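Enquirer: From the sequence below, what's the structure:
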Amino acid sequence: MMFKKSQKLYKKGLVNLVGAVNSPVRAFSSVGGNPLFIKKAKGSKIVDVDNNEYVDLVLSYGPMILGHRHKKVQKAITKSLKNGYSFGASTENEIKLAKIVCEAFPGMDKVRFVNSGTEAVLSGIRLARAYTGKDKIIKFSGCYHGHQDALLVAAGSGLATLSLPGSKGVPEGAVKNTLIAEYNNLESVKAHFEKHDDIAGVIIEPVAGNMGVVTPKDNFLKELKTYLASKNALLIVDEVMTGFRSKFGGAQELFDVEADITCLGKVIGGGFPVGAYGARNEIMEMVAPLGGMYQAGTLSGNPIAMAGGIATLTELKKQNPYDQFNETASILEVFLLESAKKYGVEIKVNRFGSMINPFFTNKEVINFEDAQTCDTNKFATFFWEMIKNGVFLPPSQFEAWFLSSTLKDKDLEKISKAIDAGMLAVSKL
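Expert: Numbering: from 1, shown residues only. Coordinates of the predicted model:
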């Protein structure tokens, strides 16, 4: 494969863009080389500016669950565009999408749409503090909840990829009310409650997707919720990544736990910038204009995003591809494990629904400390072999791979051959 045009654009982009990118992971810092610039995508495929075609396992980091440019989503967006782009006023589609989302989450009576997952989370945390009258929030090491100051500490993929412990520009005061616990370790949560009486709640990814795919073990989520209820603290579940990816709704139902506040994004916009937070009535009625917790956004509920979201979720519910996702992820897991064994490469594979990724380590990965035992140099070699063999992956050991309902048998064959080439290259290191 040739990447001349991407290389040219990268050099050109360095003039007026920071690092030639608008999000750090796109810079390929952890895998080396120049970032790829994308020209177009359709279905399960994505094409770069050099006309290299790939099976896409990035899917814009999750939202393209139906594949790129699904005809029904495209039709809905085109129809909405004819009526205007943004009004700064309410539209009927906001009500329609809100109904779909609330019906998918049993613990959600009302929802507020925003413009990103980051905005959803920062609003959800503000709401938890407003409702409880307490200040402190517990987060888990390795879980990423957006780039807001209060949570940009011990975060996941972005910071881990760049080997940064936090972020410059975040003052000490911004994180003084943020406490860090260990994922899958309830005792680490209890330890904070023993020292502090002003904890509003705990925020968690039900399945961590920013330190790789890491699932909760041994009823961890249920026990966490029960414990928090005993302390009059709220459980804030960040389903920005997991929402609608393991079932129609979120991971909460699969693990038999109901969040007090749920944060969403990705899929619910059909590829357009969107986020949302929601809860039962008594909590959401704290939000302005009904209550005293202020949050606003001129572009919130953007009509194009609402149209894309309605079309995506309607089609997703109709397709119900979740058994297919599990089967496909299982096939990919076998590809990875068998190829690694064939070439003597040590890996562990974690998956959940339509999310999967290999860890280049011999240690079971159940938290961020385990994830950090991975050999990122091996991943970098594997990544570029996958690229050269026509499979587009997230350029980080600590990012989940995503599946779409458009993957075909021939795509899986291509992925399997690329995996084999990748493991062979790793074995030669």
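
Enquirer: C-alpha only now, for contacts and for neighbours.
Expert: Noted.

Enquirer: Find the nearest non-adjacent residue to Phe220, please.
Expert: Asn184 (6.0 Å; C-alpha to C-alpha, 6 or more residues apart in numbering).

Enquirer: Number of residues surrounding the one you found?
Expert: Residues near Asn184, counting by other C-alpha atoms under 10 Å, number 21.

Enquirer: May I have the residues that are in contact with it?
Expert: Pro216, Lys217, Phe220, Ile366, Asn367 (C-alpha atoms under 8 Å, 6 or more residues apart in numbering).

Enquirer: Provide a list of residues in contact with the residue nearest to the fourth one when sequence neighbours are not counted.
Expert: Ranked by C-alpha to C-alpha, 6+ apart and with sequence neighbours excluded, the top spatial neighbour of Ile366 is Val214, at 5.7 Å. Neighbour list for Val214: Val207, Ala208, Asn350, Arg351, Val365, Ile366, Asn367 [criterion: C-alpha under 8 Å, 6+ apart].

Enquirer: Please apply the same query to Ala259.
Expert: Ala259 is in contact with Gly107, Lys225, Leu234, Leu235, Ile236, Val237, Gln252, Ala279, counting by C-alpha under 8 Å, 6+ apart.

Enquirer: and with 10 Å instead?
Expert: By C-alpha atoms under 10 Å, 6 or more residues apart in numbering, Ala259 lies in contact with 105-108, 203, 206, 221, 225, 234-238, 252-253, 278-280.

Enquirer: Which of the residues you listed are buried, as a ChimeraX select command?
Expert: Of the contacts of Ala259, the buried ones can be selected in ChimeraX as follows, counting by 16 or more other C-alpha atoms under 10 Å:
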select :105,106,107,108,203,206,221,225,234,235,236,237,238,252,253,278,279,280
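
Enquirer: if you look at the contacts of Ala259, which of them are in helices?
Expert: If you go by DSSP state H, those have Leu221, Lys225, Gln252, Glu253 in helices.

Enquirer: In CSV: those, plus pLDDT and distance to Thr381.
Expert: Listed next are those as CSV, based on pLDDT from 0 to 100; distance: C-alpha to C-alpha, whole Å:
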residue, pLDDT, distance to Thr381
Leu221, 97, 35
Lys225, 97, 41
Gln252, 94, 36
Glu253, 90, 38
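
Enquirer: which two from those end up farthest apart in space?
Expert: Pairwise distances across the ones in helices among the contacts of Ala259 (C-alpha to C-alpha) peak at 13.1 Å, for the pair Lys225 and Glu253.

Enquirer: Now Gly301: which helix or strand?
Expert: According to DSSP states H and E, Gly301 maps onto no helix or strand at all.

Enquirer: Run a quick neighbour tally on Lys168.
Expert: Neighbour tally, Lys168, other C-alpha under 10 Å: 9.

Enquirer: for Phe335, same thing?
Expert: 18.

Enquirer: Ala288 and Gly270, how far apart?
Expert: Ala288 sits 27 Å away from Gly270, taking C-alpha to C-alpha, to the nearest Å as the criterion.

Enquirer: The two: who's more crowded?
Expert: Ranked by neighbour count (other C-alpha under 10 Å), Ala288 and Gly270 place Gly270 first, with 31 against 12.

Enquirer: Please consider this matter closed, and thank you.
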